[in-house]
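Asks: let's see this in three dimensions:
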Amino acid sequence: MNILVINAGSSSVKYQLYDMENATVLAKGRVERIGMDTAILMHEPAGKPEFHKVDEILEHTTAIRRVLDVLVHPEHGVLTAISQIDAVGHRVVHGGESFKSSVLVTDEVKKEIRRLFDLAPLHNPAHMLGISAVDANMPGVPQAVVFDTAFHQTMPAKAYLYPVPMALYRKHKVRRYGFHGTSHKYVSERAAAFLGRPLDQLKLITCHIGNGASCAAVWGGQSVDTSMGMTPLEGLMMGTRSGDLDPAIVPYVMGKEDLTIGEVSSMLNKHSGLQAISGISSDMREIVEAVEAGDKNATLAFEMYAYRLRKYIGAYAAAMNGVDAIVFTAGVGENSAPLRKAVCEGLSFLGVDFDEEANLLGRGIEKRITKRGSKVEALVIPTNEEWVIAQDTYSLVQSQSD
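Replies: Alright, predicted model coming up:
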């Protein structure tokens, strides 16, 4: 079975095509600048040269059409016919309380995703554009949706409720949902396999650290707490997001600077975090280079970032009354040895016996960055959210046909 995985954004579509029988990626790529006459398709077929094309792509239906065309292209393609794609899996950021697991797309599912637009106005509408584009180009092909929030639906009320009037929860579902669930789920399962221990017997703290960043407390394979909240803004300091802050700052700054709600939202989501403190970049690689060059603002940004991550790890160890392993994943977590060092060297009180040599060795592999015999392990586990989406889609389609 071949599964096409799609992550649709407001002006982009990322895709991967999987051969499920052989667990291989046949092709991957993305379409960027949708809505412009200079949109670009970047296609990477397995075993063939990369292919780039600039073209007018004004909406998502055309973008998906271009993806399908290149997948069956005589020179650049990997299939002979679109009919060889058996199903399509979509990433959807917000499932609210409605979706505790992945589901096949139906009219009712579409209706519910639309109802949740208010909870994820930047993401869910774009995901629906992707679903509708597949409907238009591949009518009748099964589609599945995999939600970022679903894994965190096991959080207890004491973790997901905010201490605000309960009417806000009852009427408007104001609560913590958490995100990056597909990644947290995947790396917790891989960590258990790496350690050779049953997942249901482990207390893990998984750290998905990219431009967006979140931690999760995973106890017995279930999320019991996570750092992102009702939106992806809460929690850790991120590339351009502020993370946790005193909520009174919002009305205070709005009054002092005469900002609108939209402007203050933009400030906190797009002009804060590493970018705001360093004044240089939201990219950890550039921050580390500036730190090594002696830049004081970059050093402060790096120290704040590591400090806040370390605090969350300590808090989740307390929440679970212990921890067996800490897992680093995603772009920064997997690739920034300096950040992992800054975090782990401050966790010796938990029993983390950091191994600096192991931390520097190897990229893109699962590895241990603590010394043998360390009371608490620290691991690097590359995430693979697309594979989880493909697996869930495969399982749902198979169960429907049984």
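
Asks: average pLDDT for stretch 298-307?
Replies: The average pLDDT within stretch 298-307 is 98.

Asks: same question, stretch 157-168
Replies: pLDDT averaged over stretch 157-168 gives 98.

Asks: same question for stretch 18-27.
Replies: Stretch 18-27 comes out at a mean pLDDT of 96.

Asks: gap between that stretch and the chain center?
Replies: Taking C-alpha atoms, centre = their mean, to the nearest Å, one finds the center of stretch 18-27 at 22 Å from the center of the full chain.

Asks: please apply the same query to stretch 393-402.
Replies: A distance of 25 Å separates the centroid of the chain from that of stretch 393-402, by C-alpha atoms, centre = their mean.

Asks: same deal with stretch 288-301?
Replies: Centre to centre, stretch against its chain (C-alpha atoms, centre = their mean), the figure for stretch 288-301 is 27 Å.

Asks: next, the distance between the ends of it.
Replies: End-to-end distance for stretch 288-301: 10 Å, by C-alpha to C-alpha, to the nearest Å.

Asks: that stretch: which residues count as buried?
Replies: 288, 290-291, 295, 298-299, 301 (16 or more other C-beta atoms under 10 Å). For every residue, glycine as well, the C-beta is placed using N, CA and C.

Asks: identify the residues contacting it?
Replies: Contacts to stretch 288-301, defined as C-beta atoms under 8 Å, 6 or more residues apart in numbering, come from residues 274, 277-281, 287, 302, 336, 338-339.

Asks: one more: stretch 274-285?
Replies: By C-beta under 8 Å, 6+ apart, the surrounding residues in contact with stretch 274-285 are 211, 237-240, 242, 273, 286-287, 290, 295, 297-298, 300-302, 304-305, 331-332, 335-336, 339.

Asks: look up which residues are beta-bridged to V327.
Replies: The partner list for V327 in beta bridges (DSSP bridges) reads T206, L379.

Asks: what about it, how many neighbours?
Replies: Using other C-beta atoms under 10 Å, V327 is surrounded by 26 other residues.

Asks: what are the boundaries of the strands in this protein?
Replies: 2-8, 12-19, 24-32, 36-45, 51-57, 87-92, 103-104, 143-147, 203-209, 213-219, 222-226, 325-329, 367-368, 377-380 (DSSP state E).

Asks: of all those strands, which one is nearest T182?
Replies: strand 143-147 (6.1 Å; C-beta to C-beta).

Asks: given the closest one, what are its sheet partners and their directions?
Replies: Strand 143-147 has the following sheet partners, assigned by DSSP bridges: strand 87-92 (parallel), strand 103-104 (antiparallel).

Asks: could you export those strands to TSV, including columns for mean neighbour count and mean pLDDT?
Replies: Shown next, in TSV, are those (neighbours: other C-beta atoms under 10 Å; pLDDT from 0 to 100):
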stretch	mean neighbour count	mean pLDDT
strand 87-92	26	96
strand 103-104	18	96
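
Asks: which stretches of the stretch 1-150 of the chain have low pLDDT?
Replies: Applying pLDDT under 70 to the stretch 1-150 of the chain picks out no residues at all.

Asks: check contacts around T24.
Replies: 18, 46.

Asks: S281: how many residues sit nearby?
Replies: S281: 17 surrounding residues under other C-beta under 10 Å.

Asks: now swap in G96 and tell me
Replies: Residues lying near G96 (other C-beta under 10 Å) number 19.

Asks: would you mind measuring from it to H152?
Replies: Distance, G96 to H152, using C-beta to C-beta, to the nearest Å: 11 Å.

Asks: overlap in contacts of these two?
Replies: Shared contacts of G96 and H152, counting by C-beta under 8 Å, 6+ apart, come down to Y177.

Asks: just the helices in the stretch 151-300 of the chain please.
Replies: Secondary structure of the stretch 151-300 of the chain (DSSP state H, counting those that start in this stretch): helices at 157-160, 166-172, 181-195, 249-257, 261-270, 273-278, 284-292, 296-319.

Asks: TSV for the strands of the chain, including distance to K110?
Replies: Shown next, in TSV, are the strands of the chain (distance: least, C-beta to C-beta, whole Å):
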stretch	distance to K110
strand 2-8	14
strand 12-19	18
strand 24-32	22
strand 36-45	26
strand 51-57	23
strand 87-92	11
strand 103-104	11
strand 143-147	9
strand 203-209	28
strand 213-219	27
strand 222-226	26
strand 325-329	31
strand 367-368	42
strand 377-380	38
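
Asks: could you export the helices of the stretch 151-300 of the chain as TSV, including distance to E75?
Replies: Listed next are the helices of the stretch 151-300 of the chain as TSV, based on distance: least, C-beta to C-beta, whole Å:
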stretch	distance to E75
helix 157-160	51
helix 166-172	53
helix 181-195	33
helix 249-257	54
helix 261-270	40
helix 273-278	41
helix 284-292	35
helix 296-319	45
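
Asks: need the contacts of stretch 288-301 in a markdown table (columns: distance to T370).
Replies: Formatted as a markdown table, these follow (distance: C-beta to C-beta, whole Å):
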| residue | distance to T370 |
| --- | --- |
| L274 | 26 |
| I277 | 29 |
| S278 | 29 |
| G279 | 34 |
| I280 | 31 |
| S281 | 30 |
| I287 | 25 |
| F302 | 22 |
| S336 | 17 |
| P338 | 17 |
| L339 | 16 |
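
Asks: neighbour-wise, which of these leads?
Replies: The most crowded member of the contacts of stretch 288-301, judged by other C-beta under 10 Å, is I287 (28 neighbours).

Asks: touching, that residue and F302? I think so.
Replies: Yes - applying C-beta atoms under 8 Å as the test, I287 and F302 come out as touching, 5.5 Å apart.

Asks: what about P163, how many residues close to it?
Replies: For P163, the neighbour count with other C-beta under 10 Å is 5.

Asks: now swap in the one 3 residues further on and tell me
Replies: Counted with other C-beta under 10 Å, residues neighbouring M166 total 11.

Asks: before we move on, what about E97?
Replies: E97, neighbours per other C-beta under 10 Å, totals 13.

Asks: and S265, by the same measure?
Replies: Counted with other C-beta under 10 Å, residues neighbouring S265 total 14.

Asks: what pLDDT does it get?
Replies: Looking at S265, its pLDDT stands at 92.

Asks: and it, how far from L233?
Replies: From S265 across to L233, the span is 9 Å (C-beta to C-beta).
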